[in-house]
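> pasting a predicted model and its sequence here:
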Number of protein chains: 4
Amino acid sequence: MNTPTATEAQAVVEQVRQEVCALHAELVRYGLVVWTAGNVSGRVPGQDLFVIKPSGVGYDELTPASIVVCDLDGNLVDGELAPSSDTAAHAYVYRHRPDVGGVVHTHSTYASAWAARGEAIPCVLTAMADEFGGEIPVGPFALIGDDSIGRGIVETLEGHRSSAVLMRSHGVFSIGKNARAAVKAAVMCEDVARTVHIARQLGDPVAIPQSDVDRLYDRYQNVYGQGDTERPHGSTA
Amino acid sequence: MNTPTATEAQAVVEQVRQEVCALHAELVRYGLVVWTAGNVSGRVPGQDLFVIKPSGVGYDELTPASIVVCDLDGNLVDGELAPSSDTAAHAYVYRHRPDVGGVVHTHSTYASAWAARGEAIPCVLTAMADEFGGEIPVGPFALIGDDSIGRGIVETLEGHRSSAVLMRSHGVFSIGKNARAAVKAAVMCEDVARTVHIARQLGDPVAIPQSDVDRLYDRYQNVYGQGDTERPHGSTA
Amino acid sequence: MNTPTATEAQAVVEQVRQEVCALHAELVRYGLVVWTAGNVSGRVPGQDLFVIKPSGVGYDELTPASIVVCDLDGNLVDGELAPSSDTAAHAYVYRHRPDVGGVVHTHSTYASAWAARGEAIPCVLTAMADEFGGEIPVGPFALIGDDSIGRGIVETLEGHRSSAVLMRSHGVFSIGKNARAAVKAAVMCEDVARTVHIARQLGDPVAIPQSDVDRLYDRYQNVYGQGDTERPHGSTA
Amino acid sequence: MNTPTATEAQAVVEQVRQEVCALHAELVRYGLVVWTAGNVSGRVPGQDLFVIKPSGVGYDELTPASIVVCDLDGNLVDGELAPSSDTAAHAYVYRHRPDVGGVVHTHSTYASAWAARGEAIPCVLTAMADEFGGEIPVGPFALIGDDSIGRGIVETLEGHRSSAVLMRSHGVFSIGKNARAAVKAAVMCEDVARTVHIARQLGDPVAIPQSDVDRLYDRYQNVYGQGDTERPHGSTA
């Protein structure tokens, strides 16, 4: 594979900008965000860059051009607006998890409620076994401003199948092989957080044996959907 | 009645494809699904076929042409995409319940919460007596991959008036004489699951005597609506 | 005032048909109904008639022409579809309450949850004092098919300021001087049913002294809004 | 700075009318209001005036021209409709808080539920520390009709960082340096009211140490967003 030209490299950046811009609409559609409190980022394939939402900009106003480009230390490389205040956390994840191509952060209601109690969401739904392969774990309480949040995400997800982590007293971070997969994880995280919460309100959900969780997770990760290469543009994982 | 020509038979398939495609929008409208987690199927009248949502495709992207056609063993007969991963369960229902013309599967929130506790929804609302004729029962925990789910649906609904079943730790399957009726049952199931849950949060709903449940069910099934033959295009059951 | 000509009388009917048709969209907008389970009716001024939703027709399909006209015994007078299955209850209210010009019926979630427990909604919000002047009472359990529901509505609302009644194990009926006012009462009923439910989940709402409820009710009924004659077309009560 | 001409002064009024008119759509978008029960006002910079929603008018019908202009005693100065019945409370805030440029009032569900119990919302989420700098306090029960509500708002917010107050048995008032900031506070208030309520339903949220609340509040108020002067038109604080 030849080194891409500068023009080719720029075209890849613009494509990820478009994808990440469009994916913010999914956060709105599924009610995961209010005002400007949530963001999506996506790694630029083949370059030590990622793109992310600018800080304090409403979802209706986002355009691909307003999405900013950062290096893996979170420094602004291209764009007219300041990057999301959560950029350092996204950057930390990209630096330490080369397999991760997308990161999403929200304060979605039910997941944040579990996070406020510092309680992991138990795996009591087959859809949760499919997507997360077990419980959705709780990360530490961490203040914004240094690497604490990013480190909390990475350390908590080590040794977990889960693609989402509940950061204590804060909200959710989710990861995926690309930005779309990370958005899907954020959507599914809120969905199971809500259903399990409601189930718990009137009693105890029945546990699913670990061996069944394992079987469901394995099948879903390997069989579900249309297959990566065949999948039509825009379809889901 | 003459045997239809191949062209006529194909026209019937295309019509059911259109109906089933359009009905997925009702799942979205009533908030029964997120991402791609829910599907509608419809039997092709006069042919040993049914049509169903393709796997892992978003609701916005569905077109009649993307809806796939399967035989009653769940094998793909026509279509470019892989059938829903729930196809075997739908197929089992069509094979064992010749009266069923539509099947719907969702993980709708409140119904799935009852399913997570393995608890039937008691019949404490007149609308529930009308539509379901009693409680909405719980089916077994069953893994995807063989006939377990389909058999659980069929066996649980035997001896029940209910057109919906809560599959334990999983979600809802509903049935109807056609796809529209099955979608209506899915919508009403979530509606009563939610109302009864909320009623239960602050105390005990008052029971409805069985004789009154019987009277309501009988009346609704036989009197309500505009009558099958007169009903204008697109109206509800 | 001269007796209107037949043409003038028909024009009035058509206007009420249009208003009642359009008001169903408010039930949808505020999430008070699913599928076809809710209806609005409006008295025809100066004629012993009212108009009401046809039975089993979806809200998207309603047109002014599809709205049916009934006499005050609930008999179909004009229209191609069967009247709502709740027509007898609406008719009973119009016959016994000449001051009522609009009736609404829904199974809205939170109000129906109070109804399922047979529990009145206590007046613990100033907005509830404004609109309902006290608690929202519970009417009897009554089967559809005769005058039981209508009589239950009328008898329960006697001696109450409330413009809404929770029919036990069933849902809500609301009344107003016209169809718009009855729809507003249905919307506000669900809103306060929800807020008071949520307040009660974590403790006891503080009671509002009856003298303050009286003062709020009196003020709101007599001072609020733009005045009846000045009110611009389409504005609310 | 020269005294503006009458034409210039009028142009400023029209601009605030437009902004305040448009901001009501945010109350609808985030589900903070039903029917006509909520209002936004904005101070006219450089003039002893503010603009506010007319009374009893639906959100769909609002136009900039329908927004009324009042002096700081709440008297109607310009406009064809009667001002909101909450105008006296808004006026009181503008008279006593020269730093306030916008006021919002809603009966948003979760915040009003805390208000019905007379219970402050504890600061157990980082987003709440960011925006409110601590708990959201409860103001007194106050009847409409004199300065009681306005005085309750101003006295309760003295000595609080919070930009929102829960008026007991009533609803929420929020303030900001302009109308947009007050709307943001109303949106965030309902968001945290909901999340903390849900967290509390299944246990006790973990407290955030006051020193961390202080650090988060200080950072968010001073660092977040694009900076006031650089911020593109329409973007959020």
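Yes, it's here.

> give me the pLDDT for whichever residue of chain A sits closest to chain C.
Closest residue of chain A to chain C, C-beta to the nearest C-beta: residue A:201 (9.0 Å). From N, CA and C alone the C-beta is placed, and that goes for glycine too. In this model, residue A:201 is scored at 98, pLDDT.

> what's the answer for residue A:220, then?
88.

> any idea whether it is helix, strand or coil?
Look at residue A:220: counting by DSSP: H, G, I helix; E, B strand; the rest coil, its state is helix.

> so it is in contact with residue A:130, correct?
Yes: here residue A:220 reaches residue A:130: they are 3.7 Å apart, a contact under C-beta atoms under 8 Å.

> neighbouring contacts of stretch A:198-218?
A:122-126, A:129-130, A:132-134, A:161, A:196, B:109-110, B:112-114, B:116-119, B:141, B:143-144, B:168-169, B:197, B:200-201, D:201-202 (C-beta atoms under 8 Å, 6 or more residues apart in numbering or on different chains).

> please point out which parts of that stretch sit buried.
Counting neighbours by 16 or more other C-beta atoms under 10 Å in any protein chain shown, one finds that the buried residues in stretch A:198-218 are A:198-201, A:205, A:208, A:212-213, A:216-217.

> any chance of a markdown table for those residues, columns distance to residue A:55?
A markdown table is the format used below for the buried residues of stretch A:198-218 (distance: C-beta to C-beta, whole Å):
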| residue | distance to residue A:55 |
| --- | --- |
| A:198 | 34 |
| A:199 | 37 |
| A:200 | 36 |
| A:201 | 36 |
| A:205 | 39 |
| A:208 | 41 |
| A:212 | 44 |
| A:213 | 39 |
| A:216 | 39 |
| A:217 | 36 |
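
> state the pair within those that is farthest apart.
For these, the farthest-apart pair by C-beta to C-beta is A:201 and A:217; their separation is 26.5 Å.

> residue contacts, residue A:219?
By C-beta under 8 Å, 6+ apart, the neighbours of residue A:219 are A:130, B:144-145.

> and residue A:119, by the same measure?
Residue A:119 neighbours (C-beta under 8 Å, 6+ apart): A:138, D:202-203.

> ok, residue A:171 next?
Residue A:171 touches A:105-108, A:111-112, A:115, D:126-127, counting by C-beta under 8 Å, 6+ apart.

> same check on residue A:47?
Residue A:47 neighbours (C-beta under 8 Å, 6+ apart): A:9, A:12-13.

> and residue A:173, how far from residue A:142?
From residue A:173 over to residue A:142 the distance is 11 Å, taken as C-beta to C-beta, to the nearest Å.

> quickly list what's touching both of these two.
Residues touching both residue A:173 and residue A:142 (C-beta under 8 Å, 6+ apart) are A:149, A:167.

> neighbour-wise, which of those two wins?
residue A:173 (30 against 20; other C-beta atoms under 10 Å in any protein chain shown).

> which helix or strand contains that one?
strand A:171-176 (DSSP states H and E).

> what pairs with that strand, and is each one parallel or antiparallel?
Take DSSP bridges as the rule and strand A:171-176 pairs in its sheet with strand A:102-106 (antiparallel), strand A:164-167 (antiparallel).

> including mean pLDDT and distance to residue A:190, could these go into a markdown table?
Listed next are those as a markdown table, based on pLDDT from 0 to 100; distance: least, C-beta to C-beta, whole Å:
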| stretch | mean pLDDT | distance to residue A:190 |
| --- | --- | --- |
| strand A:102-106 | 98 | 7 |
| strand A:164-167 | 98 | 9 |
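
> how about those strands, which one is nearest residue C:26?
That would be strand A:102-106 among the strands paired with strand A:171-176, by C-beta to C-beta, at 31.4 Å.

> just the buried positions in the next helix-or-strand element following the closest one, please.
Remark: after strand A:102-106, the chain's next helix or strand is helix A:109-117, criterion DSSP H and E. By 16+ other C-beta under 10 Å, the buried positions in helix A:109-117 come out as A:109-117.

> kindly indicate which of those residues lies nearest chain B.
residue A:110 (9.8 Å).

> now the contacts of residue A:219 as a markdown table including neighbour count?
A markdown table is the format used below for these (neighbours: other C-beta atoms under 10 Å in any protein chain shown):
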| residue | neighbour count |
| --- | --- |
| A:130 | 21 |
| B:144 | 19 |
| B:145 | 13 |
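
> from those residues, which has minimum pLDDT?
For the contacts of residue A:219, the pLDDT minimum is residue B:145, 87.

> where's it, which helix or strand?
Counting by DSSP H and E, residue B:145 is part of no helix or strand.

> got it, and residue A:39?
Going by DSSP H and E, residue A:39 is part of strand A:38-44.

> same for the helix or strand that comes right after that strand, what does it pack against?
For strand A:38-44, the following helix or strand on the C-terminal side (DSSP H and E) is strand A:49-52. Counting contacts by 3 or more C-beta pairs under 8 Å, 6 or more residues apart in numbering or on different chains; DSSP states H and E, strand A:49-52 packs against helix A:6-29, strand A:38-44, strand A:68-71, helix A:87-96.

> among those, which is nearest residue B:77?
helix A:6-29 (33.0 Å).

> how far away from the center of its chain is that closest one?
The chain centroid and the centroid of helix A:6-29 are separated by 15 Å under C-alpha atoms, centre = their mean, to the nearest Å.

> ditto for stretch A:12-30
12 Å.

> and residue A:90, what is it in contact with?
A:39, A:41, A:50, A:52, A:74, A:84, A:103, A:105, A:150.

> circling back: could you check how far the residue of chain A closest to chain C is from residue D:157?
Residue A:201 sits 34 Å away from residue D:157, going by C-beta to C-beta.

> work out for me the element the residue of chain A found nearest chain D sits within.
Going by C-beta to the nearest C-beta, chain D is nearest to residue A:56 of chain A, at 3.3 Å. Of the helices and strands defined by DSSP H and E, none includes residue A:56.
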